[in-house]
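Undergrad: Take a look and give me a structure for this.
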Amino acid sequence: MRKKIIISLLASTVLLEANWNSAIDDLKDEAKLVWKKQTEFIHTKEPDENSTVRYERLRKEHFNAIWEDVITNLEKALLLNKKITQAPQSAFFGADKDSLQKEFNSVLDNIIMLLLDDNILNYRKNIRNDQEDISLLEKSILRYREQKITAPQESHIKTTQSDYIQKISDAKEEIALRRNRIIQTKISMSENFEQLGINLTPIQIDVLLSRVDGDDIIAMTLMMDVLKQITLQLLGIMQESGEELHHAKKYYGMHTVLLELVVYVQQNLINKINLTYIPKIDKILNDTKKILTITNQKISSEENLQRKSIYYKNYEAQKMTFKVATLYKKNLQDELKQISKAKKVSQKNLDVSKNTFETVTLSSDLFKIISTSQEMMQEVMQLQIPAIIPFENMKMQEKFQELTKKIRG
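TA: Numbers count the residues shown, from 1 in each chain. So this is what the prediction gives:
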């Protein structure tokens, strides 16, 4: 009798442990989301202000935070530029042009890191976080549906069928909230781009965020905006310096470094598209071609109608992948042309700036040239934005996003 009691107690303990573990797994997902909602509320609580006012405030705060570090790095870059001019082409001992150029590029990378700590990029991060949460919630719903099948109708210990129905309802409500927040974020992004003189609808923002080069395009646009702000401040300092040519040349030299930065960033994206993005999309196209050929052969040789129907559905899905991948490649090629065109304009501006630095003897002339370059920067900023055509349908957008993950991976 005692043995039976012990065995019964052990069985009950195992059952309770299994139920407890199951409950813990459910709680883990829910705790993550509850904790996230609480921390989001704490960190995003801000005074009442519209999107435009908020963006302008954050833009100013960002600029004030980076100004001194940017100036320090520009001074380093100026010194390195002078060393590069005087250094030999190659040297066994000491620095040569190549080694100094690498050091110069490293300083440009430091400036880029400073410029890109911006609100629009935070928007992009927030959208990704919301999308990941939606994916997590959708997986939870599937699991709840599976667990509901064997769940009891009533229990004080186990999760009941009605409990799972409530969990599914709560998860769906949370998904709806996060999807609505993504829409609001895209509208805010659209308004912020408008502040930079670039008109993009929320639908075009959606397309931009689906592209593998979307972050690069956004980053370049933000950088150009901050560079315009820096140039404006340099103009102010030059104006205060009067006709002191030595000081004027120093700040004009910094402006020239900023133009070099623009060319550097554009060339980096050209390399990325040529050497990474397009080769990866080419691989996807080649792999899909092979699968299409195999599937087509299976359709022809298969006699069983049910299996033939499955092969045909697979074939249609593969055709969709090939169609979207082809469109993706064209978009990347168009972007490559656009950036190359913008880079030519930037290079010409840089060449003029360097030539002027060596020849001009009046600080007022330098001031006029930098003032003119503000308009040139806006022209380059506009050139960098590719033609953004909305997706034909939701299915195409989902396939585009799927391919983006593959290219990134």
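
Undergrad: three-state assignment of the residue nearest the centre of the chain?
TA: In the chain, the centroid-proximal residue (C-alpha atoms, centre = their mean) is residue 215; its distance is 3.2 Å. On the three-state scheme (DSSP: H, G, I helix; E, B strand; the rest coil), residue 215 is labelled helix.

Undergrad: Would you mind measuring from it to residue 98?
TA: According to C-beta to C-beta, to the nearest Å, residue 215 stands 30 Å off from residue 98. Every C-beta, even on glycine, is put in place using the N, C-alpha and C of the backbone.

Undergrad: next one: residue 272
TA: From residue 272 across to residue 98, the span is 22 Å (C-beta to C-beta).

Undergrad: Neighbour count for the two, which is higher?
TA: Just comparing residue 272 and residue 98: by other C-beta atoms under 10 Å the higher neighbour count belongs to residue 272, 17 against 13.

Undergrad: Can you read off the backbone torsions of the more buried one?
TA: Dihedral angles of residue 272 (phi, psi; degrees, to the nearest 10) stand at phi -60, psi -40.

Undergrad: these two touch, right, it and residue 216?
TA: Yes. Residue 272 is in contact with residue 216 according to C-beta atoms under 8 Å; the separation is 6.8 Å.

Undergrad: what's the nearest residue to residue 340 if we skip its chain neighbours?
TA: residue 270 (6.3 Å; C-beta to C-beta, 6 or more residues apart in numbering).

Undergrad: Number of residues surrounding that neighbour?
TA: 16.

Undergrad: if you count residues, which helix in this structure comes out on top?
TA: The longest helix of the chain (DSSP state H) is helix 305-359.

Undergrad: chain center to it, what's the gap?
TA: Centre-to-centre, helix 305-359 and its host chain are 16 Å apart (C-alpha atoms, centre = their mean, to the nearest Å).

Undergrad: Against which helices or strands is it packed?
TA: Applying 3 or more C-beta pairs under 8 Å, 6 or more residues apart in numbering; DSSP states H and E, one finds that helix 305-359 contacts helix 245-272, helix 278-301, helix 363-384, helix 394-408.

Undergrad: for stretch 255-266, what is the average pLDDT?
TA: Confidence over stretch 255-266 (mean pLDDT, whole number) is 90.

Undergrad: what about stretch 262-282, how long is it end to end?
TA: End-to-end distance for stretch 262-282: 29 Å, by C-alpha to C-alpha, to the nearest Å.

Undergrad: neighbouring contacts of that stretch?
TA: Contact partners of stretch 262-282, identified using C-beta atoms under 8 Å, 6 or more residues apart in numbering, comprise 105, 108, 112, 212-213, 216, 219-220, 223-224, 227, 325, 328-329, 332-333, 335-336, 339-340, 342-343, 346-347, 350, 377, 380, 384, 403, 406-407.

Undergrad: Now list the buried members of the residues you listed.
TA: Among the contacts of stretch 262-282, the ones that count as buried by 16 or more other C-beta atoms under 10 Å are 108, 112, 212-213, 216, 219-220, 223-224, 227, 325, 328-329, 332, 335-336, 339, 342-343, 346-347, 350, 377, 380, 384, 403, 407.

Undergrad: Spatially nearest residue to residue 159, not counting backbone neighbours?
TA: That would be residue 151: by C-beta to C-beta, 6+ apart, it lies 5.8 Å from residue 159.

Undergrad: ok, that neighbour - contacts?
TA: Each residue near residue 151 by C-beta under 8 Å, 6+ apart is listed here: 158, 159, 160, 161, 163, 164.

Undergrad: burial count for the closest residue in space to residue 354 that isn't next to it in sequence?
TA: Closest residue to residue 354 apart from its sequence neighbours, by C-beta to C-beta, 6+ apart: residue 256 at 6.1 Å. By other C-beta under 10 Å, the residues close to residue 256 number 24.

Undergrad: swap in residue 62?
TA: Around residue 62 there are 19 other residues, counting by other C-beta under 10 Å.

Undergrad: Point out the other helices and strands that the helix or strand hosting it packs with.
TA: Residue 62 belongs to helix 51-86 when elements are defined using DSSP states H and E. Other helices and strands packing on helix 51-86, by 3+ C-beta pairs under 8 Å, 6+ apart, are helix 97-115, helix 119-150, helix 161-195, helix 214-241, helix 245-272.
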